[in-house]
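Asker: Got a predicted structure plus its sequence, pasted below:
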Amino acid sequence: MPIWERMKRSMRIVYMGTPDFAVPALVTLVESGHELAAVVTQPDKPKGRKQEVLMTPVKEKALEYSIPVYQPVKVREPEFVEILREIAPDVIVVAAFGQILPKEILSLPPFGCVNIHASLLPKYRGAAPIQWAVIDGEPVSGVTTMLMNEGLDTGDILEMQEIRLSDKETGGSLFEKLSYLGAGLIVSTLSKLEKGQITPTPQGEARTGYAKMLKKSMGEIDWSQSAEAVERLIRGLNPWPSAYTGLNGRTLKIWAADVLPDRIAGDPGTVTVEKDRLLVAAGKGCLSVTELQLEGKKRMDTAAFLRGFPVRTGERFHRFSD
């Protein structure tokens, strides 16, 4: 495509995003010929055991493209709002940014503020729609582009695209799929907005509960739940914050398991060892644990784990709160 034609079709964009999820959309917008006037991301924070201050994934990618980066502690501060006015974007695109935009910013660009949300709105409004879709056993998920308002994920829908979850979908695998799905969808949405070919549609009432933020404590397995519910929790919280249980007072992360309809002896949490298999009784059915990790050790499959850390039939996985 000739450069002059690309320029004719481009929009002047301010992009707001922070984690890995927001990187593919940034890349796609740049490569589609739009003008990325600025990137706004959360302030750099110390991470890991060494508490090294690391750039956000979006900042790293923006700097590769030599895009100006802003990291306001609060976007609502008048000084930063004035900076946005001076930039004068046609549209602000938002993907997992991490701050609520005030009315002054929402009303600033002519085409509004467009959010890439990782669910089929109005389902799963909130901070962790990807993981909750897996935990709840949803057969499909997807992405929505939404014209933002002052509510939390309540703005009018612009476009949607869905994807079917695989039987072994994890929070991590769905995260990656939806990040690329959203990258393609935002380019389509901006093109239609620019041409006046899209009509915003009100969401209506939410069809699920709020997809609340994840906490590490949510990963503690309640073995009185059904095997299906526990297995979905394991997949939904993989890779973070991960599902875990107690074994003789030590933390044991469960990374993968298969649901079995069989009933096995013992109360929920009771273990049965069959050669290289580790079966755990649940409130209904049982789980065959296939990948696990004892605190301070590496992840391994069950056969390798049992060779190094013998577990006897009749032992019980426990909750630390018991």
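Answerer: Right, received. Where do you want to start?

Asker: pull the longest strand from this structure.
Answerer: Longest strand in the chain, counting residues (DSSP state E): strand 250-260.

Asker: what's the model's confidence in it, averaged?
Answerer: Average pLDDT, strand 250-260: 97.

Asker: Can you list the residue ranges for strands in the stretch 1-150 of the chain?
Answerer: With strands called from DSSP state E, counting those that start in this stretch, the stretch 1-150 of the chain shows them at 12-17, 35-40, 45-47, 52-54, 69-70, 91-95, 113-117, 140-147.

Asker: so how far is the following helix or strand past the longest strand of the chain from its chain's centroid?
Answerer: Heading C-terminal from strand 250-260, the first helix or strand you meet, by DSSP states H and E, is strand 271-274. With C-alpha atoms, centre = their mean, to the nearest Å as the basis, strand 271-274 stands 34 Å off its chain's centre.

Asker: just to revisit the earlier point, adjacent strands (with direction) for the longest strand of the chain?
Answerer: With DSSP bridges as the test, strand 250-260 is paired with strand 243-247 (antiparallel), strand 286-294 (antiparallel).

Asker: name the helices or strands packed onto whichever helix or strand comes after the last one?
Answerer: Right, strand 286-294. On the C-terminal side of strand 286-294, the nearest following helix or strand under DSSP H and E is strand 300-301. Applying 3 or more C-beta pairs under 8 Å, 6 or more residues apart in numbering; DSSP states H and E, we find strand 300-301 packed against strand 286-294. Bear in mind the C-beta positions are built from the backbone N, C-alpha and C, glycine included.

Asker: Do you have the helices of the stretch 51-200 of the chain handy? List them.
Answerer: 57-64, 78-87, 103-106, 129-135, 171-195 (DSSP state H, counting those that start in this stretch).

Asker: And the first one, what's buried?
Answerer: Put plainly, it is helix 57-64. Neighbour-count burial for helix 57-64, counted by 16 or more other C-beta atoms under 10 Å, picks out 57-59, 61-62.

Asker: cool, the last one as well?
Answerer: Taking 16+ other C-beta under 10 Å as the neighbour-count basis, helix 171-195 is seen to contain the buried residues 171-175, 177-183, 185-187, 189-190, 193-194.

Asker: avg pLDDT for it?
Answerer: Mean predicted lDDT for helix 171-195 stands at 97.
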